[in-house]
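**Q** Return atomic coordinates for the entry below.
(2 chains)
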Amino acid sequence: MRALGLLLSVAVLALVALASIAIGAKPLPLDQVWHGLFHDTGTYGDVVVDERLSRTALGLLAGAALGLAGAVLQALTRNPLADPGLLGINAGASAAVVTAITYFGVTSLTGYVWFAFLGAAAVGALVWFLGGSRGATPVRLALAGTAISAALYGYLQAVMITDDAALGRMRFWTVGSLASATGSTLTQVLPFLAVGTLLALGLARPLNAVEMGDDTARALGANLHRTRALAMLAAVLLCGAATAACGPIMFVGLMVPHVVRSFTGPDLRWILPYATVLSPVLLLGADVVGRIVARPAELQVGIVTAVIGGPVFIFLVRRRRTAQL
Amino acid sequence: MRAPGGFSVRLDVRALAVVVLLLVAALAAGIALIGTGDARIPAADVLRTLAGDGTAYQDFIVNELRLPRVLVGLLVGASLGLGGALFQTISRNPLGSPDVLGLSQGSTAGALIVIVLMGGSAGQVTAGALIGGLATGVAIYLLAWKQGVHGYRLVLVGIGVAAVVTAVNGYLLTKADLVDAARAVVWMTGSLDGRDWDQVWPLLVLCAVLVPVVLVNARGLRLMEMGDDIAGALGVRVQRVRLLLMVCAVLLTAAATAAAGPVGFVALTAPQLARRLTRSPGPNLLPSLCMGAALLVAADWASQRAFGADQLPVGVVTGVLGGCYLLWLLVTERKAGRI
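**A** Okay, here's the model as predicted:
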């Protein structure tokens, strides 16, 4: 039953990906889309399709990464509110980007990527060590993440208040968008995403044990320290790369695991694959909607995910007895 | 303590000491803050001027310019501390502060709409923020209502609402021209610059009414920490107390945010820090209140001393200072083996 659902989800994802290639600010007839996909000769339509392809690919990767990371973090911290923001990863990336703009004069999006990733990774590592490294507990991790986030957001706002140029760029970066996708962004982040995904999917079984509480997990023979360290590493790789490529997209990583949990139950061996498949459905779907509603301009995907996802999320929270962690 | 007739009061000496200590710290920081600025005034002169014996010049600076700012700071800090403690207890989550539940974001949305779409004055921005905060509070409560409100659902619904409103705020910020955006960012950071007596009175009245109401109901809140069923069995009208306290918390937070902007981190950390100081379980309402006031005014003082008068708003410092302090706490508590 759950395997069938997973297949169905993959089919839905394929449909949404196709829609993301076919629909955009510039209406293209389907035959031109086909032409662009399979007989690329460099016509105007083909170029449009090319751009949409890399955008769709980025949406797929980033969405999967965010959903998977969210599910791992919620299991790791045993807190239903855990998301990339909680562990300071968004704050680290944002602080690094604003530093790059203000002090290093970086203005291109491909230039931001490395800064954002470094910032996310540095903060991830810092949270891990301050949270107690080998002796980390869920509460300590969450507190350390919140504390570092607050300090970094203070810095971020101080810079934005004193430097108008940084404000001018940051306010667009912080909403989160797929529009900047290029082939080079993709190849920059792909290795990190691949390693992170494999690591996270492989952790399903030990994380299941960790979710039962420290004592039970130990009794079941799980290696708590190693599991926590690896899960943290996976989350930092996934969120760091996704945030670097598209800016801090909130909510996908928080919401999708909750939705998934409501029909898979608490078994992470099902939650993780489902979250990986369904998160890009949300992200790409939101991106498509964002391109349609504000033609010829477009709404950034980060705004649309929240505005669509928020009510759906509230509806689900109300309707079901949400499975607790 | 036990009085004749079986009526007994439990007096927590440590908690009481913490409250007194924090109160002294808040007032001391307030006096230091009054003395700080382009014209420095020694603490002794500040006290004399407050008592009414200062020179005309000192009297103008202290009583007209800086005292209202300090009072707004104390009241906002106290409201945020208390509001944060209430929300964290009701939601039963140390992260369930107004910043997480979307109230701060709602106030911000109200203010942003006034700044970006209407180009309104400072007074209109305050009104917009108040309406935004209250509307968000009502929306969260109604959306979380389903034969009563429970902590878990409240937090999740709050997060959903917060995400939607944050997205709207981000959208408004990208639509604004750069001047409006800069003004909005200063407001969103939270600042005490240029606050006068007009902001003090409404806040003072609100606190004078709400704080006693909250403290009277603190016993019910404490019992509710054991779970709704047990609290009900012990004679607490769970849903009524929860609704009442939530209304108080929303009012406190919305008024504080309207007066000073969404000063980050105070509502989140003040209860956590207070709890660690008193080392007692339960909501720790009064210590949180005093901690919030001390935290905010001390942060404003630090910002004035470190960066010069009115250079950086207090929100920047509460974030950085509060964050660093929480980190320090984490490290020391871990060494002491307490968490």
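**Q** What is the neighbour count of residue 308?
**A** All of this is about chain A. When neighbours are defined as other Cβ atoms under 10 Å in any protein chain shown, residue A:308 has 18 of them. All C-beta spots, glycine's among them, are computed from the backbone N, C-alpha and C.
**Q** ah, I was thinking of chain B
**A** Neighbours of residue B:308 (other Cβ under 10 Å): 11.
**Q** From residue B:314, how far out is it?
**A** Using Cβ to Cβ, to the nearest Å, one gets 14 Å for the distance from residue B:308 to residue B:314.
**Q** Strands of the stretch 201-325 of chain A, start to end?
**A** Secondary structure of the stretch 201-325 of chain A (DSSP state E, counting those that start in this stretch): no strands present.
**Q** so where's it uncertain?
**A** A:319-325 (pLDDT under 70).
**Q** Near chain B, which residues of it are found?
**A** A:250-251, A:254-255, A:258, A:299-300, A:302-307, A:309-311, A:313-314, A:317-318, A:322, A:324 (Cβ under 8 Å from any Cβ of the partner chain).
**Q** where along chain A do the helices fall?
**A** Assigned by DSSP state H, chain A shows helices spanning A:2-22, A:30-38, A:44-77, A:89-103, A:109-130, A:138-162, A:164-173, A:183-202, A:204-210, A:214-219, A:224-246, A:252-264, A:268-293, A:301-319.
**Q** So for residue B:68, which of these sits nearest?
**A** Across the helices of chain A, residue B:68 has its closest neighbour in helix A:138-162 (23.1 Å, Cβ to Cβ).
**Q** check whether the closest one contacts chain B.
**A** Yes. Counting by Cβ under 8 Å from any Cβ, chain B has neighbours in helix A:138-162: A:139-140, A:142-144, A:146-155, A:157-158, A:160-162.
**Q** do you know which of the helices of chain A lies nearest residue B:13?
**A** Evaluated over these, closeness to residue B:13 peaks at helix A:138-162, with 27.5 Å, by Cβ to Cβ.
**Q** name the helices or strands packed onto the closest one?
**A** helix A:44-77, helix A:89-103, helix A:109-130, helix A:164-173, helix B:178-189, helix B:266-278, helix B:314-335 (3 or more Cβ pairs under 8 Å, 6 or more residues apart in numbering or on different chains; DSSP states H and E).
**Q** Now that helix: average pLDDT?
**A** Across helix A:138-162, pLDDT averages out at 77.
**Q** Also compute the angle for that helix relative to helix A:109-130, please.
**A** 140 degrees (axes from the mean of the first three to the mean of the last three Cα atoms, to 10 degrees).
**Q** okay, the angle between helix A:138-162 and helix B:266-278?
**A** 140 degrees.
**Q** Can you list the buried residues in helix A:138-162?
**A** A:138-161 (16 or more other Cβ atoms under 10 Å in any protein chain shown).
**Q** and that helix, how far from the chain's centre?
**A** 19 Å (Cα atoms, centre = their mean, to the nearest Å).
**Q** just checking, what packs against the strand or helix carrying residue B:123?
**A** Element membership for residue B:123, per DSSP states H and E: helix B:122-144. In terms of contacts (3+ Cβ pairs under 8 Å, 6+ apart), helix B:122-144 is packed against helix A:301-319, helix B:103-112, helix B:151-175, helix B:238-260.
**Q** For the stretch 1-150 of chain B, what lies in contact range of chain A?
**A** Within the stretch 1-150 of chain B, the positions near chain A by Cβ under 8 Å from any Cβ are B:93-95, B:100, B:143-144, B:146.
**Q** From those residues, which one has the minimum pLDDT?
**A** For the residues of the stretch 1-150 of chain B next to chain A, the pLDDT minimum is residue B:95, 67.
**Q** need the contact list for the residue nearest the centre of chain A.
**A** Closest residue to the average C-alpha location of chain A: residue A:66 at 2.4 Å, with Cα atoms, centre = their mean. Contacts of residue A:66 were listed using Cβ atoms under 8 Å, 6 or more residues apart in numbering or on different chains, and they are A:84, A:238-239, A:242, A:249, A:252-253, A:256, A:279, A:283.
**Q** List the contacts of residue 54.
**A** Chain wasn't specified; assuming chain A. By Cβ under 8 Å, 6+ apart, residue A:54 lies in contact with A:181-183, A:185-186.
**Q** think we crossed wires, I meant chain B
**A** B:45, B:48, B:62.
**Q** Kindly report the residues of the stretch 151-300 of chain B close to chain A.
**A** Within the stretch 151-300 of chain B, the positions lying close to chain A (Cβ under 8 Å from any Cβ) are B:152-153, B:155-157, B:159-161, B:163-164, B:166-168, B:170-171, B:173-174, B:178, B:181-182, B:185-186, B:188-189, B:264-265, B:268-269, B:272.
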